[in-house]
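Q: Got a sequence here, can you model it:
(chains A and B)
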Protein chains: 2
Amino acid sequence: MSTVENVDAKAIFLKSYPKGEPQPAHFETRSIPRPTLNDGEVLLRTVWMSVDPYMRGRMRPDVKSYIPPFSLDEPLDGGAVSEVIDSKSEKFAAGDYVVGFAGGWKSLHKASADAMTKVDPTVAPLSAYLGVLGMPGLTAWAGLTQICQPKEGETLFVSGAAGAVGSLVCQLGKKRGLRVVGSAGSAEKCAWLEAEGGCDVAINYKEHRGSAALTRALAAAAPKGVDCYFENVGGDHLEAALNCIGFGGRIALCGMISVYNATDPQPGPPNLTNMIGRGVLAKGFIVSNYMHLTPDFIAEVAPALAAGQIKFRESVYDGLENAPDAFAGLFRGDNFGKAVVRIGPDRL
Amino acid sequence: MSTVENVDAKAIFLKSYPKGEPQPAHFETRSIPRPTLNDGEVLLRTVWMSVDPYMRGRMRPDVKSYIPPFSLDEPLDGGAVSEVIDSKSEKFAAGDYVVGFAGGWKSLHKASADAMTKVDPTVAPLSAYLGVLGMPGLTAWAGLTQICQPKEGETLFVSGAAGAVGSLVCQLGKKRGLRVVGSAGSAEKCAWLEAEGGCDVAINYKEHRGSAALTRALAAAAPKGVDCYFENVGGDHLEAALNCIGFGGRIALCGMISVYNATDPQPGPPNLTNMIGRGVLAKGFIVSNYMHLTPDFIAEVAPALAAGQIKFRESVYDGLENAPDAFAGLFRGDNFGKAVVRIGPDRL
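A: This next block holds a predicted model:
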């Protein structure tokens, strides 16, 4: 039986704002006070935490965004699956597992019970609630269905296709009868994408450096042109997509990981004018715009996952102290599928 | 009484594809054969012709677009108001005035009667059917109403605000209860925009060179941020708009005149990532996507024009031989309002 007293209260802080690629040296682990509970709150032991590219944006103190930057004086934060170890809410009892947008980067935390959602460890592995059944999953589903709005027979291009979001986009696209072209950064990832990940063709972009080469590879893989582009990468990928996009194309702007660490401004693609003549729509989005569609997302993805029709991959890091390395790995292209950090055992 | 025999048949040809800014030397006037009519066709004397920025795109032989490039061996073409001087169609009689997407750059031409629309010279000056009541007018109306979809009280930014399209966008925006900020390239244009052209604030971009300065000027003029951006210019204007755009902003991508003559690829703005966090939509369009909305456009604009609630300006060039200079003037910023070329008298 677990007790509160057994659990260390530690958290990762940002020591300095990274310029360029984040490195483990930008982070440090500190002890934090044990939270005390008020009515309506739960005490939570973090079991799995998520590292996600959007967190890089919160490490810029000067950028106006939808979410405030991380402070150097408070623990980092992010999505996590946690176990309830004490509860002052009727909603949860000790031993329950919950997912929410808080608890990441910490071993112990408290939250309002209203901010947490119960998860069932018998339906899917707990970590899946941070990936294919969680925020990246909803991101993939919403960008594809609400922005790209693909029609059967169309061609979908997905950059970052082996990532947590991209790999689900590809499979949801295939399920809808699309021709799916994905790009990823290794032969191993591309092989998986073509074998299991829903891609008709996977392009290893490291073999097609520069926008001209990437455009040729994409044009060959998408001979009828690109109708929908799910953007996770930016830079040359966006330029190649705009070269190959067809009339009435739709672009879901989900991320641009290639530019997040730039220390100098990275110019956008020179071919934005293609959007005019070809009547292209591009829409940026963040998952919180689409939270209300969670039931529709779950209704499609959970049964398909249970039936083995949707596959997912994870890169698992062990221990809170390795969270900074897991995060840095996002930008090195190290991770394959969803990057998650195991903070504690599933059962104490 | 006019007769067919009185009218010279001349046309402007492209002598070579311009690299960089088009110059009169890229064009030449040649005699062309007098057209002979088939059933269903009309012989037309061009009265007014239009020069429009989109034509620059047709002077690139290598670019895939919605409309094929101009050939060096055929006359140029474009929108015109013409007088019917002979008719083999029951739709029109000699003396009628018609508007259509053909007849520009020529003194005499023939067309299928089905491709022409009759216009009434007593409702508005004939040249207005090439501007505020014509293709630029529909472009303005459609981009604003179908893409920007502004709500009362929002802020609209319009680049190229003193142009044929931009000046109507500003006035339609003001009519809808928006705060309207326009940019133009001279103090005279800005004064007109604030006095008559529907702008709360007009920014002379030549006094705010570079994206940082333009961003500061726009932020000052749009203290609540930009909700809608009507894009005619590209480059620094797009970058400034993306710096100032608010959550859920909408961008109608109509033109990017600042990059049309570039001989080297012009990088896009470095702040496209703002579209993600702020959930911004951008949609490119050309007027032909919205031709079916012509009745709605006319229903709003024609009465407002007749009532003097909508103003327009024209830059008039005289004579077919000056059409190349009128066209080149689009890129020098010479023109104020719609640039039109008078090819022949309204009445022979």
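
Q: and residue A:123, how many neighbours does it have?
A: 13 (other Cβ atoms under 10 Å in any protein chain shown). Yep, even glycine has a C-beta here, placed from its N, CA and C like the rest.

Q: Please disregard the earlier target; I meant residue A:201.
A: Around residue A:201 there are 18 residues (other Cβ under 10 Å).

Q: dump the residue contacts of it.
A: Contacts for residue A:201 (Cβ atoms under 8 Å, 6 or more residues apart in numbering or on different chains) come out as A:180, A:181, A:182, A:194, A:221.

Q: Quick check, the third one in contact with residue A:191.
A: No. Under the criterion of Cβ atoms under 8 Å, residue A:182 makes no contact with residue A:191, lying 11.6 Å away.

Q: And the two? Which one has more around it.
A: residue A:182 (30 against 14).

Q: so what's in contact with residue A:182 and residue A:191 at the same time?
A: By Cβ under 8 Å, 6+ apart, the residues touching both residue A:182 and residue A:191 are residue A:202.

Q: how long is stretch A:315-334 from one end to the other?
A: With Cα to Cα, to the nearest Å as the measure, stretch A:315-334 spans 9 Å from end to end.

Q: quick one, phi psi at residue A:117?
A: Backbone torsions of residue A:117, given as degrees, to the nearest 10, read phi -120, psi 130.

Q: Not counting sequence-adjacent ones, nearest residue to it?
A: The shortest distance from residue A:117 to any residue other than its chain neighbours is 5.4 Å, reached at residue A:99 (Cβ to Cβ, 6 or more residues apart in numbering or on different chains).

Q: Which helix or strand contains the one you found?
A: strand A:97-100 (DSSP states H and E).

Q: So which elements touch that strand?
A: Under the contact definition 3 or more Cβ pairs under 8 Å, 6 or more residues apart in numbering or on different chains; DSSP states H and E, strand A:97-100 sits against strand A:41-50, strand A:80-87, strand A:117-119.

Q: right, and residue A:45 touches residue A:85 too?
A: Yes. Using Cβ under 8 Å, residue A:45 is in contact with residue A:85, at 5.1 Å.

Q: separation between residue A:207 and chain B?
A: Relative to chain B, residue A:207 is positioned 23 Å away (Cβ to the nearest Cβ, to the nearest Å).

Q: Can you pull the residues of chain A lying near chain B?
A: A:57, A:65-67, A:234, A:238, A:247, A:253-256, A:259-260, A:265-286, A:289 (Cβ under 8 Å from any Cβ of the partner chain).

Q: Direction included, what does the strand holding residue A:99 pair against?
A: Pairing partners of strand A:97-100, with direction, according to DSSP bridges: strand A:80-87 (antiparallel), strand A:117-119 (antiparallel).

Q: Would you mind finding the most buried of these?
A: strand A:80-87 (a mean of 24; mean count of other Cβ atoms under 10 Å in any protein chain shown).

Q: With only the CA atoms kept, save that one in PDB.
A: Taking C-alpha atoms only, strand A:80-87 is exported to PDB below (Å, rounded to 0.1, in the frame of the first residue of the first chain):
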ATOM      1  CA  ALA A  80       0.900  13.800 -17.000                       C
ATOM      2  CA  VAL A  81      -0.800  10.600 -15.900                       C
ATOM      3  CA  SER A  82      -0.900  10.500 -12.100                       C
ATOM      4  CA  GLU A  83      -2.100   8.300  -9.300                       C
ATOM      5  CA  VAL A  84      -4.300   9.800  -6.700                       C
ATOM      6  CA  ILE A  85      -2.700   9.300  -3.300                       C
ATOM      7  CA  ASP A  86      -4.900  11.500  -1.300                       C
ATOM      8  CA  SER A  87      -8.200  13.100  -2.100                       C
END
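
Q: which residues sit in contact with residue A:224?
A: Applying Cβ under 8 Å, 6+ apart, the residues near residue A:224 are A:155, A:179, A:246.

Q: Adding secondary structure, write those out as JSON lines.
A: Below are the contacts of residue A:224 laid out as JSON lines (DSSP: H, G, I helix; E, B strand; the rest coil):
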{"residue": "A:155", "secondary structure": "strand"}
{"residue": "A:179", "secondary structure": "strand"}
{"residue": "A:246", "secondary structure": "strand"}
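
Q: any idea which of these is the one closest to chain B?
A: residue A:246 (9.9 Å; Cβ to the nearest Cβ).
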